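Visitor: Sharing a model that was predicted from the sequence below.
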Amino acid sequence: MKKKIIIALIVIILLIVVFFATKNPLAKEIYDGCKNIKSYIVVKTSDEYNKLDSEKKYYKSEKNIRIPILIYHEIPTEKPTRDLYYMQTTATQFEKQIKGLLEEGYTFISYQDLADYYDGAKALSEKSVLIGFDDGWADNYYNAFPILKKYNIPAAIYVVDDLVGTDGYFNWEQAEEMSRSGLISIFSHGRTHIFYDKESVETLISDVEIAYENIEKHVGKAKIRVFTYPYGACRQDQIEALYEKGYIQNMTDDEINKSDSLELKSLHRYYVKQNESAYKIIRNINELN
Ligand SMILES: [Zn+2]
């Protein structure tokens, strides 16, 4: 008999606990919070960027959109030989990525488009992407340029003056030919490939100005000048000084530009890794910071 009473009491206590737990506003909040997080994750991995409309264009003040800059280095015909997984993308893979992005409704823009957008003079699709190549590798001319022409894709190549025309790098005639196509913008990646953060502001400015005199002598003058620090090595005082001189500047950080925090003096760039599919690129450029 005593046992039965104890069991009944336990059951009653349990019922009371369950009753208050479900009535507890805090418990409900936590439950809703979890539900929200769950649906948020589901939306993010399936629908959110499928809902982006490539047809709609927005001025900078109208909507916060993502504007990724995809960075490549070498585009070899053979399979990658280097360990650094962002240094080489085969031409076949590169073409697959370009085709995939086009099929998914992405518009390839130039730095001039980005600068005009920044100034409020141009609207961009919320599926915009900009592509660039560091260093001026010869295979950019032999392998990437034909693909870019085939799909009518604009792109930027940041050259190192001292390397142009040396073993493994395209020469000034090839740079001029690419620039003349109207698709390729030749920008600077330094006079030499050094750690500029170890140099004075004056040395950096002098080197970049000399580099641009050289670029403009060979490929002509563009409305804008863009600079990419070798190794991403820079200091804030250098960034400010170059920006005052009118230079748009790229960072080396694997992050994604968003219009509400867009800064032409420190543009984020996403490093495309070997063997990434267009789908994976799209997922990363929509999910990374
Ligand atoms: Zn470099």
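Guide: Now that the structure is in, tell me what you want to look at.
Visitor: The residue nearest to Tyr118 when sequence neighbours are not counted: what's it in contact with?
Guide: Once flanking residues are discounted, Tyr118 sits nearest to Leu264: 5.6 Å by Cβ to Cβ, 6 or more residues apart in numbering. In short, each C-beta sits where N, CA and C put it, glycine included. Counting by Cβ atoms under 8 Å, 6 or more residues apart in numbering, Leu264 touches 114-115, 118, 243, 248-249.
Visitor: Can you add pLDDT, distance to the ion and neighbour count and give those back as a markdown table?
Guide: Below are those laid out as a markdown table (pLDDT from 0 to 100; distance: Cβ to the ion, whole Å; neighbours: other Cβ atoms under 10 Å):
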| residue | pLDDT | distance to the ion | neighbour count |
| --- | --- | --- | --- |
| Leu114 | 98 | 21 | 24 |
| Ala115 | 98 | 22 | 16 |
| Tyr118 | 98 | 25 | 17 |
| Tyr243 | 97 | 21 | 16 |
| Ile248 | 98 | 17 | 22 |
| Gln249 | 97 | 14 | 20 |
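Visitor: mind listing which of the residues you listed are in helices?
Guide: 114-115, 118, 243 (DSSP state H).
Visitor: Turn those residues into TSV, columns for distance to Pro76.
Guide: As requested, the ones in helices among the contacts of Leu264 are exported to TSV (distance: Cβ to Cβ, whole Å):
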residue	distance to Pro76
Leu114	28
Ala115	32
Tyr118	34
Tyr243	35
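Visitor: Ile147 - nearest residue in space that isn't next to it in sequence?
Guide: Glu95 (4.9 Å).
Visitor: follow-up on the earlier one: I'd like to know how far the residue nearest to Tyr118 sits from Gly232.
Guide: Leu264 sits 17 Å away from Gly232, going by Cβ to Cβ, to the nearest Å.
Visitor: Verify the contact between Ile215 and Ile186 for me.
Guide: Yes: the criterion here is Cβ atoms under 8 Å, and Ile215 meets it with Ile186 at 5.7 Å.
Visitor: and of the ones in helices among the contacts of Leu264, the nearest to Leu124?
Guide: Leu114 (8.0 Å; Cβ to Cβ).
Visitor: For that closest one, list the residues it contacts.
Guide: 67, 124, 130, 264, 267.
Visitor: Can you tell me how far Tyr212 is from Arg191?
Guide: 10 Å.
Visitor: Sorry, slip of the keys, the one I care about is Arg180.
Guide: To Arg191, Arg180 is 24 Å away according to Cβ to Cβ.
Visitor: of these two, who's got more company?
Guide: Arg191 (21 against 11; other Cβ atoms under 10 Å).
Visitor: I figured that one hits Glu213, correct?
Guide: No: Arg191 is beyond contact range of Glu213, at 10.0 Å (criterion: Cβ under 8 Å).
Visitor: what does the stretch 151-289 of the chain have sitting close to the ion?
Guide: By Cβ under 5 Å from the ion, the residues of the stretch 151-289 of the chain that approach the ion are Pro230.
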